[in-house]
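*Asks:* below are the sequence and a predicted model; questions follow.
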Amino acid sequence: MSAKRQFVIFPTRFVWRRFKRDFHFFVMLGIIPLTLITIYANVFVGPAELAEIPEGYVPEEYEYYKSPVTRWLQKHLLQPPQQGYEMMLHRLDTETEKMRLRRLHKRIRALQAERMDYMGYMANRGPTTKYIEQIGEQYDRLNDERRDPVGVEQ
């Protein structure tokens with residue numbers, strides 16, 4: 001009796017169905033509002049028209065675009081072209097400065113190798129430097145006293 005009826009194991013479709021449901025939900029969550037906003041902007045606001053610029057008025061950068069959606073994106077989300085240009089110039093200047101410093105470092109290494117020199121770390125004063133300077137000052141003072149005694153007039 002049990003030879004005819006079998007329990008067939010097959011993979012579940014739960015994960016696939018959940019993926020389809022979530023994908024559909026999030027796509028619709030984005031597409032529906034964007035479609036409504038675009039339709040509203042194109043039907044009720046409409047494209048920009050060329051008009052004479054009033055005297056003394058300086059137009060903003062976003063006012064040069066024709067589409068209302070593009071104008072809104074330029075005004076609220078994107079950076080002005082001048083700012084992008086200045087940022088590019090700053091990056092170029094930084095890279096140029098790095099190249100100059102690398103060239104200088106390479107030249108310093110070449111001169112050190114040519115003259116068989118080494119780097120002198122003058123800023124780092126060790127703990128014994130202070131005492132060596134004190135001993136040198138005392139030595140100079142003693143030599144001065146030996147040459148010019150206090151009570152002797154010449």
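*Replies:* Right, received. Where do you want to start?
*Asks:* going by C-alpha atoms from here, please, whenever you check contacts or count neighbours.
*Replies:* Noted.
*Asks:* now the strands for the protein?
*Replies:* Using DSSP state E, the chain contains no strands.
*Asks:* spatially central residue in this structure, please.
*Replies:* Central residue of the chain (Cα atoms, centre = their mean): Arg91, 9.1 Å from the mean position.
*Asks:* gap between that residue and Glu97?
*Replies:* To Glu97, Arg91 is 10 Å away according to Cα to Cα, to the nearest Å.
*Asks:* and for Met88?
*Replies:* Met88 sits 14 Å away from Glu97, taking Cα to Cα as the criterion.
*Asks:* likewise for Phe14?
*Replies:* 58 Å.
*Asks:* longest helix anywhere in this protein?
*Replies:* Criterion DSSP state H: the longest helix present in the chain is helix 81-115.
*Asks:* list the buried residues in that helix.
*Replies:* By neighbour count on 16 or more other Cα atoms under 10 Å, the buried set for helix 81-115 is empty.
*Asks:* and for stretch 70-81?
*Replies:* Arg71, Gln74.
*Asks:* check stretch 36-47 too.
*Replies:* By 16+ other Cα under 10 Å, stretch 36-47 has no buried positions at all.
*Asks:* what's the end-to-end length of that stretch?
*Replies:* Rule used - Cα to Cα; the end-to-end distance of stretch 36-47 is 17 Å.
*Asks:* Ile132: what's it in contact with?
*Replies:* For Ile132, no residue meets the contact criterion (Cα atoms under 8 Å, 6 or more residues apart in numbering).
*Asks:* measure it to Gln138 for me?
*Replies:* Distance from Ile132 to Gln138, by Cα to Cα: 10 Å.
*Asks:* and for Trp16?
*Replies:* In this view, Trp16 and Gln138 are 89 Å apart by Cα to Cα.
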